[in-house]
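Trainee: the sequence and its predicted three-dimensional model are supplied below.
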Amino acid sequence: MIKNEKEIKLADISQLDFALSMLKDAGIWLKSKEIDYWQNWIKEGFLQSQFYFVRKANQNIGIFRLQWSDGLFGGIQENNSGYLHSFRIKRDLHGQCLGYKALQLVENICKQNNKSFFRLDCTAQIERLCAYYENYGFKSVGEIFLMNERLKLYEKCLY
């Protein structure tokens with residue numbers, strides 16, 4: 001168990017309903033911002049053991065997908081990065097810095113796997129979300145257009 005009873009746990013297919021519930025909530029929020037993508041992408045990540053739960057006091061409080069390569073969002077690059085997707089902490093826990101603490105745990109997983117970079121993408125039109133990642137230490141490294149959406153690409157050098 002990690003300090004303050006937070007931990008990361010590999011998700012398994014038996015917890016797909018909880019994951020879909022959390023990601024559906026995120027999807028509803030994104031749709032309210034007129035953003036609609038990644039619905040068919042979730043099950044594939046579960047089948048490839050790429051989804052993890054963020055846990056506190058033995059409760060799932062968040063979810064994310066971590067990949068070691070990402071040709072779609074990250075382009076063809078050396079295999080030296082961890083790519084974060086579908087990062088979500090329960091909205092009712094907003095304001096407790098749990099997202100930053102979870103990002104630190106994911107960053108540690110990347111380091112333990114000898115990755116030089118921690119990368120992610122987010123919707124460019126949501127400035128607060130971009131600022132959130134920038135405040136954590138990510139640097140903007142470009143933009144892509146995917147499914148009619150402008151996405152900002154971010155990375156954090158780990159060494």
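Mentor: Thanks, I have the structure now.

Trainee: low-confidence ranges, this protein, go.
Mentor: Along the chain, segments meeting pLDDT under 70 span 1-6, 26-40, 72-78, 147.

Trainee: the chain: helices as residue ranges?
Mentor: Listed in chain order, the helices of the chain (DSSP state H) span 16-32, 42-47, 98-112, 127-136.

Trainee: could the ones you listed be laid out in TSV, adding mean neighbour count and distance to S69?
Mentor: Using the backbone N, CA and C atoms, a C-beta is placed for each residue, glycine as well. As requested, the helices of the chain are arranged in TSV below (neighbours: other Cβ atoms under 10 Å; distance: least, Cβ to Cβ, whole Å):
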stretch	mean neighbour count	distance to S69
helix 16-32	15	22
helix 42-47	16	13
helix 98-112	17	13
helix 127-136	13	20
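
Trainee: could those helices go into a markdown table alongside distance to D121?
Mentor: Converted to a markdown table, the helices of the chain look like this (distance: least, Cβ to Cβ, whole Å):
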| stretch | distance to D121 |
| --- | --- |
| helix 16-32 | 13 |
| helix 42-47 | 15 |
| helix 98-112 | 14 |
| helix 127-136 | 10 |
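
Trainee: of all those helices, which one is nearest N58?
Mentor: helix 16-32 (13.5 Å; Cβ to Cβ).

Trainee: returning to that earlier point: and the helices of the chain: which comes nearest F53?
Mentor: Comparing those by Cβ to Cβ, helix 16-32 comes nearest, at 7.6 Å.

Trainee: for the most centrally placed residue in the chain, what are its contacts?
Mentor: Centrality entry for the chain: nearest residue to the mean C-alpha point is F87, 2.9 Å, by Cα atoms, centre = their mean. The contact partners of F87, by Cβ atoms under 8 Å, 6 or more residues apart in numbering, come to 62-64, 99, 102-103, 106, 120.

Trainee: can you rerun that using 6 Å?
Mentor: Counting by Cβ atoms under 6 Å, 6 or more residues apart in numbering, F87 makes contact with F64.
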